[in-house]
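*Asks:* give me a model of this one.
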Amino acid sequence: MAAKRSSLKKNSPDQTFDKVGENLYRHRTSKTYYALLKRGGKQFRRSLKTTDRALAARRLADLRRLVGNLSVSDDSHTDFAEIAKNWLQTVRHTLKPASILRRETCIKNLRPFFKGQTIRNVKPSHCDTWLQGRGRDIAPSTFAHELGTMKLIFNFAVERGLLLDSPAKHIKRKPFERTEIHVPSRDQFQKLIAAMRDAAATQGKGRDAANFVELLAYSGCRQAEANSLRWLHVNFESETITVNGTKTDSSKRTIPMTSALRNLLDRMKDNGQPQPTDLIAAIKDAKTCLHSTCRKLGFPIFTHHDFRHFFATTCIESGVDIPTVSRWLGHKDGGALAMRVYGHLCQDHSFAQIKRVTFDGQKPTSVLPLSPAIAKG
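*Replies:* You can find the predicted model right below:
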């Protein structure tokens with residue numbers, strides 16, 4: 001039986017579509033098949049992205065199932081802001097406070113671009129308005145957070161039958177540019193700490209600021225990790241310190257103390273006679289004193305995180321292998337991230353190490369033999 005042919009006049013004024021089956025149309029020029037479906041008073045027209053009739057029929061059946069799952073209840077008329085709020089409530093228990101705050105900030109920044117739109121009427125063009133109006137001017141990390149939040153909200157709506165598919169699925173992330181790392185040299189570090197301690201006599205805060213910077217530099221902690229350290233986390237007998245990772249649950253670790261860290265903690269403990277539950281650091285950050293001292297000495301303006309880099313590069317340049325440094329930093333990737341971040345900073349160390357490699361049959365005296373277990377592996 002010949003397929004019924006008719007023009008889709010309502011949707012194509014130029015009459016370029018022919019109806020070839022129920023809910024199925026074909027473009028006269030490209031021969032591509034299209035679907036036209038209705039549910040709850042809303043019309044869905046989609047390209048089936050094929051010129052093969054059998055494949056078009058299968059894709060039409062899949063699309064019918066998706067459209068059939070769409071909700072026609074009052075929820076389908078809920079606006080973006082309400083759906084975003086509902087989504088956040090369902091995932092709040094899985095997020096840390098800082099992550100919740102970040103998601104709330106993202107939603108606040110996204111809301112103006114979907115104002116007045118019910119979730120069922122949000123189109124890719126609304127997402128493009130965000131992309132062109134805000135997305136082009138924000139940093140790649142902020143862009144990634146807002147885009148990720150937007151996609152999670154729309155996926156939530158799709159799962160609940162409020163949308164056929166995500167209107168933001170076509171938007172890609174901005175490429176991240178590697179931020180230049182400013183790592184103080186050991187000489188700069190010593191001068192910086194000395195100058196900060198000199199400021200203690202006149203300002204009264206230099207000692208705490210210097211202690212905080214040294215704590216970061218000798219432990220490799222992130223600022224938030226250093227803020228959460230308490231004296232009960234320090235084991236002077238085993239010379240270890242337990243760091244409660246704040247970035248991920250897996251970043252909690254117990255690391256050996258460097259001699260510099262042990263000496264610092266001994267001094268801090270003797271000066272204050274703290275209780276086990278007391279915080280080690282007397283201040284939350286050393287930004288004001290640190291930046292003013294950097295300017296006074298003519299140094300780059302170092303950040304708290306730069307001293308985590310200082311710890312890592314000092315360890316690597318002292319001969320510690322990158323996988324071990326990576327574990328001390330709380331990475332769980334075996335050193336891949338540390339290699340990307342710090343590998344290019346250790347050229348001098350690399351050239352010094354190559355001189356230890358010999359092929360004449362004689363082992364360098366400074367090289368320890370591998371354990372049997374490592375040798376087998």
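*Asks:* hang on, Glu146 packs against Phe113?
*Replies:* No: applying Cβ atoms under 8 Å, one finds Glu146 not in contact with Phe113, separated by 10.0 Å. C-beta: built from backbone N, CA, C; applies to glycine.
*Asks:* overlap in contacts of these two?
*Replies:* Common neighbours of Glu146 and Phe113, counting by Cβ atoms under 8 Å, 6 or more residues apart in numbering, are 130, 134.
*Asks:* domains of the protein?
*Replies:* According to automatic domain parsing, the chain comprises the domains 17-69, 75-159, 186-354.
*Asks:* gap between the second one and the chain center?
*Replies:* Meaning domain 75-159. 17 Å (Cα atoms, centre = their mean, to the nearest Å).
*Asks:* okay, helices next: where are they in the stretch 151-300 of the chain?
*Replies:* Applying DSSP state H, counting those that start in this stretch to the stretch 151-300 of the chain gives helices spanning 186-198, 200-203, 206-219, 223-228, 259-272, 287-297.
*Asks:* one step back: of all the domains of the chain, which one is nearest Phe176?
*Replies:* domain 75-159 (4.8 Å; Cβ to Cβ).
*Asks:* ok, which stretches of this protein are strands?
*Replies:* 17-21, 24-27, 33-39, 42-47, 234-235, 240-243, 253-256 (DSSP state E).
*Asks:* give me the contacts around the third one.
*Replies:* What it means is strand 33-39. Applying Cβ under 8 Å, 6+ apart, the external contacts of strand 33-39 come out as 8, 11, 17, 20, 23-27, 43-48, 50-51, 53, 56, 59-60, 63-64, 67-68, 70, 72.
*Asks:* could I get the domains of the chain in JSON lines, plus columns for distance to His170, mean pLDDT and mean neighbour count?
*Replies:* Output for these, formatted as JSON lines (distance: least, Cβ to Cβ, whole Å; pLDDT from 0 to 100; neighbours: other Cβ atoms under 10 Å):
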{"stretch": "domain 17-69", "distance to His170": "14", "mean pLDDT": "81", "mean neighbour count": "15"}
{"stretch": "domain 75-159", "distance to His170": "6", "mean pLDDT": "90", "mean neighbour count": "16"}
{"stretch": "domain 186-354", "distance to His170": "29", "mean pLDDT": "85", "mean neighbour count": "17"}
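*Asks:* can you say which of the ones you listed is nearest to Pro175?
*Replies:* It's domain 75-159; of these, that one is closest to Pro175 (Cβ to Cβ) at 6.8 Å.
*Asks:* mind checking how far Thr303 is from Gly206?
*Replies:* Relative to Gly206, Thr303 is positioned 18 Å away (Cβ to Cβ, to the nearest Å).
*Asks:* let me fix that, I meant to ask about Ala56.
*Replies:* Ala56 is 75 Å from Gly206, by Cβ to Cβ.
*Asks:* if we can go back for a sec, nearest to Lys123, of the helices of the stretch 151-300 of the chain?
*Replies:* Closest among the helices of the stretch 151-300 of the chain, using Cβ to Cβ: helix 223-228, at 40.0 Å.
*Asks:* which helices and strands does the closest one pack with?
*Replies:* helix 206-219 (3 or more Cβ pairs under 8 Å, 6 or more residues apart in numbering; DSSP states H and E).
*Asks:* mind redoing it with 10 Å?
*Replies:* On a contact count with 3 or more Cβ pairs under 10 Å, 6 or more residues apart in numbering; DSSP states H and E, helix 223-228 meets helix 206-219, strand 240-243, helix 304-317.
*Asks:* now the helices for the stretch 1-150 of the chain?
*Replies:* So, for the stretch 1-150 of the chain - with DSSP H, counting those that start in this stretch - the helices run 53-68, 80-91, 97-110, 124-130, 140-159.
*Asks:* of those, which approaches His233 most closely?
*Replies:* Here helix 97-110 is closest among the helices of the stretch 1-150 of the chain (Cβ to Cβ), at 20.5 Å.
*Asks:* any idea how far stretch 164-182 is from the chain center?
*Replies:* With Cα atoms, centre = their mean, you get 11 Å for stretch 164-182.
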